[in-house]
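Colleague: Predicted model and sequence below, questions to follow.
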Amino acid sequence: MHIKSREIIALVGESGSGKTILSRAIMNLIPKPGRLNSGAVLYHDKNLIDLSNEELTRLRGNRIATIVSNPKGELDPLETIGQQISNVIIHHLRITREEAKKKAIQLLKDVKIPDPERRFEAYPHELSGGMAQRVIIAISLACDPEIVISDDATSGLDVTVQAQVLELLKNLVLNKGSSLIFVTRDLGVAAHFADRVCVLFNGKIVEDKSTTDFFKGPKNEYAKKLLSASKFQGSKKVNSHNEFSTRTPVENKGPVKEKLLEVSNLVKHFPISGSSAVVQAVNDVSFSLSSGETLALVGESGSGKTTIGRCLLGLEQMTSGKINFMNKKLGQRQSFRDPELMGKIQLVFQEPAEALNPKMTLYDIVSEPLKNLRSNGHNLEKAVRESIDRVGISESDMNRYPNEISMGFQQRVGIARAIVSNPRLIILDEPTSALDPTARAEIMELLIQIQKDLSTSYLFISHDLSAVKHISHKVAILYLGKIIEQGDADRIFASPRHPYSLGLLSSVLLPSTSVKRPTSVSLDGEIPSPINLPSGCSLKSRCPFREELCEDIPETVHLSDDHVVHACKQCLTKTAKVDIMDYFEKFEQETNSIQ
Amino acid sequence: MTGKFNLFFRVLKKRPDFMLGYIIVFLIIIIAIFAPLFAPFDPIKSDAKNYLKAPQWPYLMGTDATGMDVFSRVLYAPRVDLAIALLGTLLSAVLGVILGAIAGFYDGSGKVAGFGSAFIMRSADVVQAFPVFVFAIAVVAVLGQSIQSLVMAIAFVNAPIYLRLMRSQCLSIRRMRYVEAAYLAGTSDVKIILAHVIPNSIAPLLAQLSVNIGWAILLTSALSFIGAGVEAPTPEWGSMISMGFQNIVTGHWWPSIFPGLALAVTVLGFALVGSSIEILADPVRTRKLLLS
């Protein structure tokens, strides 16, 4: 592998492919007991492997810098961020503290941290994740390094923030004339920000091509598989066994669809101990869901989407509101001991490993819901076998333990447990966000197949918009605990009308080089704290259309029968002119033409 | 399973002192079981002619003031000490695990369950507010001096340790996703505690168990030393030390020193086994040890 100056490479691979080890080998920082067996890392014709520790220390952070993925864990909680930046500068450049401070503030300004003089004195816990990541970037750029390695730097951030940070990083690095290595598993990042793509598989680089060539068609089999898995994420029409749509058509048996779940005016406030303020996690949310349908709840972290799911399940006590499910009231912790409701709503968790009891075999895990329903031995075993079979796990694996199988399979077990009791509704709480692209595509396909076969309803909670587009019939976009836009999925993806929806959609990084991301409607900044909600329009600090003194009060507007938006009139006229459909449509056309 | 044995032996290789601990515990148990085979004399038969003999053949550790063979008595003593300590510790662990699981699982929940949880914790506070030794004496005083009341005393003073450990484990495990999943599946609270919470929180308690057996032996001996435990002439290390105590000033050190040494070695053995289990139960610490 090689990198020229002013070049941006993306090292792409799934977990365990060796991408992080490779990036660390460059700085000779391999964790024990690993060891570099052979090979050379040449930097300006010097072999870094042969250098002594002292010489390497001079290079690390100075000429070659790393940006890590867990920004909050990387910053020392006892030092102000200003000190941490200046320490690096002083160590490498040997200048006085005052000069270092000046330079540090300049750096904070460069990474677009508002009010850098004040932030200089801030401690890491006062910063949000996105801010902390900017500080890490500032530290790594402090000495104008020639090579910057970004190790999954943005994977923990929300899509909107991710897009901002990557844009910033790319511009800064190019302005300073450095080179950049992205280590990532997200081909979307590679497509939009890299010049060249290296695909790693089992510790080997299997493909090394310029980005445009790579996305036109990789040669290596594994690279092909990875790309098509990522594309499957981005488009609904790649799925070959259904020509028109991968979504299950909702069966319209009668003139009126059966309402399975109805949520009205759901409110959830978390009190803050020692103060009268409350976190307004969910604020007056209403929606409904019919059988066999999928509703997606979309939003950044902190928008309240997970809390809604947990309120439905009674895992959190709602503050007020009404939840009707199969004509029964829900929302109490004891609701699920009611024999009629038992097993009728199930949940698939975000973290597959944590959702499975490590001390139980897969068979025991999957059979647990049925045991409570007191089905007899023979039926129970048959049902468990059926659902294990349905999720694609072989029967010989039934006596294994969760830690013996991969994450993708753990999630399959979670799904098997969810479907075994024949539920009417499954709440999917970010079921794919912890998974690698190929496993992600497989799980999505599995979920769609299950819906086809069993006609279960899904409440799909996600911030992954491409997955949402792929699976859902209806979409509700949440911002600060409020639904700001909801309606038919196709309609919302084609013409979102709330400025926030526009910004959210435009921040999706589709894995293709030929379609241009509409950056003009990108969102600024991050989601405000839900403790003291801004008065008036909650988006006014971030809105891409905002003007000075935007004091408009948003109102609920019914654009059509199945499209409701909660925004101010002025914004609606502006958003009508933006055409975001292109971005998704062109991508789909392109993907289809390759197929 | 072979993998686990392998790991066990690799840890022992790194820390030979753990090996020593296992050897000591093994020997003590063997001695306790087969004491009649090893002991040359009857441990409670006094020989009035041969009192306070210095260590010599056939009295390997000499004789005490009543003419009983110290060596035989040292060999017989673990039968009493170990039995009391094991029973007491096991009882305290069972008590602590059950109460701790209840206290942890219902912590902060309203109504009866929450009140019960708080009540359990405050009771534990009361027990722990007194010095262990004082509380044990009080238990023996109330229940009467017997081996059963010694077992009860040990169970009572140790139970809060397990209770707290179990509760803190339970507090984190009840928030685990698999417990929420079980609840959504309609599993009852009792079943959740038995199937999900206890199996996943038992490891640190096992380590505590072994260390505690050592302490329990010490406590039994201490109680016997002050005359609140096992009564003479039953062979027991603590009461032997106390019986031989007044002879030390006259230069007859052996009736006290030998049982004292035996006691010290035994407690050391259990402590070492305890810390080895503690490390083995924690994969991170095991890895660190193996890499060091």
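Modeller: The structure has been received and is ready for your questions. Numbering: from 1, shown residues only, chains lettered A, B, ... in the order given.

Colleague: Wait, residue B:152 touches residue B:143, no?
Modeller: Yes - using C-beta atoms under 8 Å, residue B:152 is in contact with residue B:143, at 5.9 Å. (Glycine included, C-beta is placed from N, CA and C.)

Colleague: quick one, which of those two is more surrounded?
Modeller: Ranked by neighbour count (other C-beta atoms under 10 Å in any protein chain shown), residue B:152 and residue B:143 place residue B:152 first, with 20 against 15.

Colleague: What spatial separation is found between that one and residue B:215?
Modeller: In this view, residue B:152 and residue B:215 are 16 Å apart by C-beta to C-beta, to the nearest Å.

Colleague: and what of residue A:452?
Modeller: 62 Å.

Colleague: Quick one: neighbours of the residue nearest to residue A:537 when sequence neighbours are not counted, just the number.
Modeller: Closest residue to residue A:537 apart from its sequence neighbours, by C-beta to C-beta, 6 or more residues apart in numbering or on different chains: residue A:554 at 5.2 Å. For residue A:554, the neighbour count with other C-beta under 10 Å is 21.

Colleague: Show the model's pLDDT score for residue A:554.
Modeller: As summarised for this prediction, residue A:554 has a pLDDT of 72.

Colleague: cool, residue A:3 as well?
Modeller: 62.

Colleague: Residue A:556 looks like it's in a strand, true?
Modeller: Yes - counting by DSSP: H, G, I helix; E, B strand; the rest coil, residue A:556 is found in a strand.

Colleague: Mind listing the residues bridging to it?
Modeller: residue A:566 (DSSP bridges).

Colleague: Could you list the contact residues of chain A toward chain B?
Modeller: A:32-33, A:313, A:315, A:336-337, A:342-343, A:345-347, A:349, A:351, A:354-360, A:365, A:368-369, A:372-373, A:414, A:417, A:421 (C-beta under 8 Å from any C-beta of the partner chain).

Colleague: Please list only the buried members of the residues you listed.
Modeller: A:313, A:336, A:342-343, A:345-347, A:349, A:351, A:354-357, A:360, A:365, A:368-369, A:372-373, A:414, A:417, A:421 (16 or more other C-beta atoms under 10 Å in any protein chain shown).

Colleague: Could you count how many residues lie near residue 114?
Modeller: As the question left the chain open, I've gone with chain A. 11.

Colleague: Can you look at chain B instead?
Modeller: For residue B:114, the count of nearby residues is 13 (other C-beta under 10 Å).

Colleague: now do residue A:186
Modeller: 20.

Colleague: For it, give its distance to residue A:437.
Modeller: 8 Å.

Colleague: what residues do these two have in common as contacts?
Modeller: Common neighbours of residue A:186 and residue A:437 (criterion: C-beta atoms under 8 Å, 6 or more residues apart in numbering or on different chains): residue A:230.

Colleague: Now do stretch A:56-72: everything it contacts.
Modeller: A:23, A:26-29, A:43, A:48, A:51, A:74, A:88, A:91-92, A:124, A:127, A:129, A:132-133, A:135-137, A:139-143, A:145-156, A:169.

Colleague: Show the buried residues in those.
Modeller: A:23, A:26-28, A:43, A:48, A:51, A:74, A:88, A:92, A:124, A:127, A:129, A:132-133, A:135-137, A:139-143, A:145-154, A:156, A:169.

Colleague: Of those residues, which belong to helices?
Modeller: A:23, A:26, A:74, A:88, A:92, A:129, A:132-133, A:135-137, A:139-141, A:169 (DSSP state H).

Colleague: now the helices for the stretch 401-550 of chain A?
Modeller: A:407-420, A:437-454, A:465-471, A:489-494, A:499-506 (DSSP state H, counting those that start in this stretch).

Colleague: Likewise for the stretch 101-250 of chain A?
Modeller: Going by DSSP H, counting those that start in this stretch, the stretch 101-250 of chain A shows helices at A:116-119, A:129-141, A:159-175, A:187-193, A:211-216, A:221-234.

Colleague: Can you lay out these as JSON lines showing mean pLDDT?
Modeller: Putting the helices of the stretch 101-250 of chain A into JSON lines (pLDDT from 0 to 100) gives the following:
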{"stretch": "helix A:116-119", "mean pLDDT": "83"}
{"stretch": "helix A:129-141", "mean pLDDT": "82"}
{"stretch": "helix A:159-175", "mean pLDDT": "80"}
{"stretch": "helix A:187-193", "mean pLDDT": "81"}
{"stretch": "helix A:211-216", "mean pLDDT": "79"}
{"stretch": "helix A:221-234", "mean pLDDT": "72"}
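
Colleague: For residue A:329, find the nearest of the ones you listed.
Modeller: Among the helices of the stretch 101-250 of chain A, the nearest to residue A:329 by C-beta to C-beta is helix A:159-175 (35.5 Å).

Colleague: Can you give me the end-to-end span of stretch A:152-159?
Modeller: Stretch A:152-159 stretches 14 Å from its first residue to its last (C-alpha to C-alpha, to the nearest Å).

Colleague: how far is that stretch from where the chain is centred?
Modeller: Distance, stretch centre to chain centre, for stretch A:152-159: 8 Å (C-alpha atoms, centre = their mean, to the nearest Å).

Colleague: Give me the contacts around it.
Modeller: A:20, A:67-71, A:129-130, A:133, A:136-137, A:161-162, A:165-166, A:169, A:182-186, A:189, A:300-301, A:463-465, A:504, A:507-509, A:526-527.

Colleague: tally of neighbours for the closest residue to residue A:338 other than its chain neighbours?
Modeller: Using C-beta to C-beta, 6+ apart and skipping residues adjacent in sequence, the residue nearest residue A:338 is residue A:328, 7.5 Å away. Residues contacting residue A:328 under the criterion other C-beta under 10 Å number 12.

Colleague: Understood, closing this out.
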